[in-house]
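following is a predicted model, sequence given first.
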Amino acid sequence: MYCQLGRTTRLTVVRKEYLPVEEILDEARRVVEEKGRDALDWVTVLGSGEPTLNSGLGRLVRGLKEISSRPLAVITNGSLLYLPEVRADLLEADAVLPTLDAGDEELHRKIHRHHKECTFHRHLEGLEAFRKEYEGKLWLEVMLLQGLNDTPEALEKLAGVIARIGPDQVHLLVPDRPPSEGWVRPASKERVDLAEEILGGVARVLSLYDPANFDFSAGKSLVEAILEVIRRHPMKEGELLGALERYAPGRVREVLEELEGTGRARLVTRLGERFWVSSETRFPG
């Protein structure tokens, strides 16, 4: 319900090579060659969807580690970790960041609205099995939502589950980009502090992305580069304007008109903010 890419239009648990691994690796090589090997902090695998659905994930992880010596992370919803082949694909990553937002089946289903085969039991089973096999950094991500998983009762249940898994860290987040459902609200600062207290010493409150880190100079036109970013990371209007002042001083309005003219980007209002998103993104209303 909080996905920044809108409502899922296709629910599946079928693994296949949705995007050819070699195409991804070729693009990664180009970026590293253009930017230099020392320009990166981390290489991160994520997707417009769930990365572990790609059956070539293991080859992708190994290939990226050959291209760059920087540490590699994989961000996943964790729903397929109960499959041994998925766990094997992730073993060479330096950090894996699965999602865990609830401590029971009812709340898990309410928040995630997964495919019917992705039960809470399987989710927890996969996380526990992966912890036993994986020697890298396991960082759980918890998205705190007002009135859902930020209550003392929900947090106590979540703490019990986390203790069974034994992650290295728990990253506490609130939705900052446009949630799929317009009524979703971030937990208050007081509830985030409560979560940090209840979840214990492994919990860390994270601030979200710094828009200054978005790079619009990857060898494409400026408009195409913006479209590539907002397909995965909707941008607040003010942040996009600030970025354009750096990349196209004096041409901000012109670039925005060109962006809108493509028909591939639009503005939506969520959480009291205006965001530029891909036209493919499905928000109700």
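Yes, it's here. Numbering: from 1, shown residues only.

can you show me the helices along the protein?
Assigned by DSSP state H, the chain shows helices spanning 21-35, 57-67, 84-90, 105-112, 120-133, 152-165, 189-199, 222-230, 237-247, 252-261.

in CSV: these, plus distance to Val142 and mean neighbour count.
Every C-beta, even on glycine, is put in place using the N, C-alpha and C of the backbone. Listed next are these as CSV, based on distance: least, C-beta to C-beta, whole Å; neighbours: other C-beta atoms under 10 Å:
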stretch, distance to Val142, mean neighbour count
helix 21-35, 28, 14
helix 57-67, 23, 18
helix 84-90, 19, 18
helix 105-112, 11, 17
helix 120-133, 13, 17
helix 152-165, 7, 16
helix 189-199, 7, 16
helix 222-230, 25, 18
helix 237-247, 24, 16
helix 252-261, 34, 15
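
just send those helices back as a markdown table, with distance to Leu206 too.
Below are the helices of the chain laid out as a markdown table (distance: least, C-beta to C-beta, whole Å):
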| stretch | distance to Leu206 |
| --- | --- |
| helix 21-35 | 25 |
| helix 57-67 | 23 |
| helix 84-90 | 21 |
| helix 105-112 | 19 |
| helix 120-133 | 19 |
| helix 152-165 | 16 |
| helix 189-199 | 10 |
| helix 222-230 | 20 |
| helix 237-247 | 18 |
| helix 252-261 | 29 |
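
out of the ones you listed, nearest to His171?
Closest to His171 of the helices of the chain, according to C-beta to C-beta: helix 189-199, at 10.4 Å.

contacts for that closest one, please.
With contact meaning C-beta atoms under 8 Å, 6 or more residues apart in numbering, helix 189-199 is reached by 142, 144, 146, 150, 152, 155-156, 158-159, 162, 170, 172, 174, 187, 203-205.

redo that, cut-off 6 Å
144, 150, 155, 159, 170, 172, 203, 205 (C-beta atoms under 6 Å, 6 or more residues apart in numbering).
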